[in-house]
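**Student:** only geometry, no sequence info:
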């Protein structure tokens with residue numbers, strides 16, 4: 001479960017192509033198109049080591065590609081409709097609806113949106129897929145790891161001036177029903193949230209912006225089919241625990257209506273010559289096999305004309321849960337305790353990553369990026385990842 005991939009409902013790639021072809025005709029009807037594209041590839045220095053960032057071969061492969069199209073149209077004087085479609089190479093270019101919502105301009109500085117929205121977890125959430133918008137090829141994976149990037153619901157967003165500061169505030173409510181690839185093995189498990197809500201706010205002036213957010217939800221994930229040594233599946237293991245009189249411990253392994261929270265704080269700086277960013281997040285489940293996640297990064301960079309050179313330090317320091325608590329230590333319970341501890345440990349990631357990268361703005365709207373990640377995983381060992389990407393907006 002260290003790698004969790006969220007797959008959305010698929011649409012035909014032909015839809016995106018058709019939209020692109022008809023763009024000149026439809027723009028006359030107050031429909032606007034924009035897009036973004038990333039073509040990238042990479043390799044690891046040891047294919048027998050840790051797979052990281054989607055790369056696990058020591059041969060360079062170009063298989064990290066993304067195409068996005070955003071369409072917005074005027075419905076009435078104060079109502080607009082927005083759709084963002086993406087196609088990724090990792091999903092065989094199946095088209096996903098990342099955004100699909102109606103927006104009502106309540107006041108000059110406030111709006112209400114309803115539909116499929118981007119969940120405001122992070123500093124870069126609003127343009128998470130638009131690689132051209134930030135320094136890295138993709139934001140640090142130690143922090144930008146949650147699979148629940150979208151929510152079906154409603155939000156309120158407003159901006160204001162507070163003295164000498166520019167501010168924004170966002171509040172939302174909703175949930176999602178989707179499927180997760182829990183072990184990156186193609187096996188899809190049902191997942192959903194209910195009563196998902198959160199707030200996010202920014203405070204900034206000139207070259208700096210401070211951001212904070214807090215979210216909570218009731219989470220369900222069907223983990224019963226996850227493979228487990230000896231017992232076959234995690235579902236079989238929970239049955240064995242229950243039959244042994246440890247039903248409470250079995251319930252701790254099941255993610256069923258578990259309350260979870262996610263908190264974030266970040267700072268972004270851009271003076272023109274110098275750039276920096278710091279972000280820290282905590283994900284905490286109330287009582288589940290999921291670990292408490294503590295993750296953060298710090299980045300600094302310098303611009304030289306059309307070039308940007310940057311250095312990032314990122315860390316995952318998760319705290320394993322203790323589903324074995326309450327089981328008396330005895331020879332007959334040792335296998336159960338050991339299995340519970342192994343499951344909990346598998347969820348906790350301890351990893352340090354140092355990244356060095358460059359960005360060359362080839363021309364307006366297009367950037368070429370190179371990046372080296374030095375990964376030190378406390379369990380899987382060391383790995384070096386080399387990657388490159390050409391990213392553009394249009």
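**Tutor:** Done, it's in. Computed from a predicted model, the values in this text were never measured in an experiment. Residues are numbered from 1 along each chain as shown.
**Student:** contact partners for residue 335?
**Tutor:** By Cβ atoms under 8 Å, 6 or more residues apart in numbering, the contact list for residue 335 reads residue 230. (Each C-beta comes from the backbone N, C-alpha and C, glycine too.)
**Student:** helix, strand or coil for it?
**Tutor:** helix (DSSP: H, G, I helix; E, B strand; the rest coil).
**Student:** could you measure it against residue 230, distance?
**Tutor:** 8 Å (Cβ to Cβ, to the nearest Å).
**Student:** and residue 161, by the same measure?
**Tutor:** From residue 161 to residue 230 the distance is 62 Å (Cβ to Cβ).
**Student:** what ranges does the chain have for its helices?
**Tutor:** Secondary structure of the chain (DSSP state H): helices located at 13-26, 234-243, 247-253, 334-347.
**Student:** the ones you listed: lowest mean pLDDT?
**Tutor:** For the helices of the chain, mean pLDDT drops lowest on helix 13-26, to a mean of 42.
**Student:** quick one: the strands in the stretch 1-150 of the chain, in order.
**Tutor:** Ranges of strands in the stretch 1-150 of the chain, per DSSP state E, counting those that start in this stretch, are 5-7, 10-11, 31-44, 61-74, 79-88, 95-105, 110-118, 150-162.
**Student:** what comes up buried for stretch 368-378?
**Tutor:** Neighbour counts using 16 or more other Cβ atoms under 10 Å place 369, 371, 373, 375, 377 of stretch 368-378 among the buried residues.
**Student:** tell me the one of those residues nearest residue 244?
**Tutor:** residue 377 (33.7 Å; Cβ to Cβ).
**Student:** list the contacts of the closest residue to that closest one other than its chain neighbours.
**Tutor:** Once flanking residues are discounted, residue 377 sits nearest to residue 351: 4.7 Å by Cβ to Cβ, 6 or more residues apart in numbering. Going by Cβ under 8 Å, 6+ apart, residue 351 touches 142, 315, 316, 375, 376, 377, 378.
**Student:** right, and residue 287 touches residue 258 too?
**Tutor:** Yes. Counting by Cβ atoms under 8 Å, residue 287 touches residue 258, with 6.3 Å between them.
**Student:** all strands of the stretch 151-300 of the chain, in order?
**Tutor:** Under DSSP E, counting those that start in this stretch, the stretch 151-300 of the chain gives strands at 165-181, 188-205, 208-221, 227-228, 232-233, 255-270, 274-285, 293-304.
**Student:** in TSV, list those along with mean pLDDT, mean neighbour count and distance to residue 103.
**Tutor:** As requested, the strands of the stretch 151-300 of the chain are arranged in TSV below (pLDDT from 0 to 100; neighbours: other Cβ atoms under 10 Å; distance: least, Cβ to Cβ, whole Å):
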stretch	mean pLDDT	mean neighbour count	distance to residue 103
strand 165-181	92	17	13
strand 188-205	94	17	17
strand 208-221	96	19	20
strand 227-228	85	15	44
strand 232-233	90	12	44
strand 255-270	95	17	24
strand 274-285	97	18	27
strand 293-304	98	18	32
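**Student:** contacts only, for the closest residue in space to residue 339 that isn't next to it in sequence.
**Tutor:** Of all residues not flanking residue 339 in the chain, residue 237 sits nearest, at 6.3 Å (Cβ to Cβ, 6+ apart). Residues near residue 237 by Cβ under 8 Å, 6+ apart: 228, 231, 250, 253, 339, 343.
**Student:** would you mind listing the buried residues in stretch 103-123?
**Tutor:** Neighbour-count burial for stretch 103-123 flags 103, 111, 113, 115, 116, 117, 118, 119, 120, 121, 122, 123 (criterion: 16+ other Cβ under 10 Å).
**Student:** check stretch 357-366 too.
**Tutor:** Within stretch 357-366, judged by 16+ other Cβ under 10 Å, the buried ones are 357, 358, 359.
**Student:** between those residues, which sits nearest residue 303?
**Tutor:** residue 359 (8.9 Å).
**Student:** tell me how far the nearest residue in space to that closest one that is not next to it in sequence lies from residue 188.
**Tutor:** Nearest non-adjacent residue to residue 359, counting by Cβ to Cβ, 6+ apart: residue 308, 4.2 Å away. From residue 308 across to residue 188, the span is 39 Å (Cβ to Cβ).
**Student:** what is the burial count for residue 164?
**Tutor:** 7 (other Cβ atoms under 10 Å).
**Student:** confidence score at the nearest residue to residue 42 once chain neighbours are set aside?
**Tutor:** Residue nearest to residue 42 in three dimensions, not counting chain neighbours: residue 387, with 3.3 Å by Cβ to Cβ, 6+ apart. Listed pLDDT for residue 387 reads 98.
**Student:** quick check, residue 387 in contact with residue 41.
**Tutor:** Yes. The criterion here is Cβ under 8 Å, and residue 387 meets it with residue 41 at 7.0 Å.
**Student:** need the residues touching each of the two.
**Tutor:** Common neighbours of residue 387 and residue 41 (Cβ under 8 Å, 6+ apart) are residue 64.
**Student:** so which of those two has more stuff around it?
**Tutor:** The neighbour comparison of residue 387 against residue 41 (other Cβ under 10 Å) goes to residue 387, with 25 against 17.
**Student:** for the more buried one, give the beta-bridge partners.
**Tutor:** residue 42, residue 371 (DSSP bridges).
**Student:** was I right to think residue 382 contacts residue 52?
**Tutor:** No. At 10.5 Å, residue 382 does not count as touching residue 52 under the criterion of Cβ under 8 Å.
**Student:** when the two are compared, which one has more neighbours?
**Tutor:** residue 52 (21 against 13).
**Student:** which ones are touching the more buried one?
**Tutor:** 44, 141, 373, 375, 383, 385.
**Student:** can you tell me which of those lies nearest to residue 72?
**Tutor:** Distances from residue 72 to these, taken by Cβ to Cβ, are shortest for residue 141, at 29.9 Å.
**Student:** nearest residue to the closest one other than its sequence neighbours?
**Tutor:** In space, residue 141 is closest to residue 53, 6.2 Å off (Cβ to Cβ, 6+ apart).
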